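Asks: Fold the following and give me the result.
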Amino acid sequence: MSPAHVLEPTYASIKQKLLDGAWPPGSRLESGRIADLVGVSMTPVRDSLNRLVGERLVDLQPGFGFHVPRLCTFDLRELLELNLVLVRPAMKRMEHAEPTEIPSRSADLALRSRAVFSYIAAAARNEALTDAIESLNDRLHPFRRIEAEVLCDAKQEVADLEAMLINSPSRQTAVAMRRYHQRRISAAPRLVAMLQQVHPTRS
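Replies: The predicted model follows:
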């Protein structure tokens, strides 16, 4: 195992590149090339990739090495359905919490969406629930980066959710949250196709 002072920044750098879409879905992640890119030896790169396999941000195929996950429509729908299942109890817990500002109001839709769900997770004050929602934040990030290309009002929809959450969650907020997820579940085929257009898959 690599020492923490080398492993942690290597892991963080590779993870951020994955979230930013540096490598196309399905592409092979070669330890040597990544080591050169990050400026470290291959050992912390391999350790980081194995850690990211555990987080399901990287696939490990025996005999074929590490790859960027290539999610299909079914996979995306499952992630969105799970996110909604987890967010519902978190929002229930928020009803008894003091409203606070959502930390990030980034112009970037993916970062802004992440901030909304991180806010909900943190307000729930349940570590296991928070970890699960943050994991989904990571896995849904590639699709959130391109969803405005498919859903023209996606930015306004997230802004409306922010306002509802800050002004105290209510039945109306729960309805809006369900609609948010249902729209993306319906749009899953187009989101998957759009991501592949942005990054044509390759082996």
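Asks: and Ser113, how many neighbours?
Replies: 26 (other CB atoms under 10 Å). Yep, even glycine has a C-beta here, placed from its N, CA and C like the rest.
Asks: same deal with the one 4 residues further on?
Replies: For Phe117, the count of nearby residues is 21 (other CB under 10 Å).
Asks: And the pLDDT at it?
Replies: At Phe117, the model reports a pLDDT of 94.
Asks: helix or strand right after the helix or strand hosting it?
Replies: Element membership for Phe117, per DSSP states H and E: helix 109-124. For helix 109-124, the following helix or strand on the C-terminal side (DSSP H and E) is helix 127-146.
Asks: roughly how far is that next one from the heart of the chain?
Replies: Here helix 127-146 is found 4 Å from its chain centre; the criterion is CA atoms, centre = their mean, to the nearest Å.
Asks: Please settle this for me: is Leu60 part of a strand?
Replies: Yes. Judged by DSSP: H, G, I helix; E, B strand; the rest coil, Leu60 forms part of a strand.
Asks: That one: neighbour count?
Replies: Leu60: 14 neighbours (other CB under 10 Å).
Asks: Thought Leu52 was touching it, still the case?
Replies: No. No contact is recorded between Leu60 and Leu52 when judged using CB atoms under 8 Å, the distance being 9.4 Å.
Asks: can you list contacts of the helix holding Phe117?
Replies: The contact list for helix 109-124 (CB atoms under 8 Å, 6 or more residues apart in numbering) reads 83, 87, 89-91, 93-94, 97, 100, 102-106, 129-130, 133-134, 136-137, 140-141, 144-145, 147-148, 154-155, 158-159, 161-162, 165.
Asks: what's in contact with the helix ranked longest in the chain?
Replies: The helix spanning the most residues in the chain, taking DSSP state H as the definition, is helix 73-94. Helix 73-94 has contacts (CB under 8 Å, 6+ apart) with 71, 117, 120-121, 123-126, 129, 132-133, 136, 139-140, 143, 165, 169, 173-174, 177-178, 181, 184-185, 188-189, 191-192.
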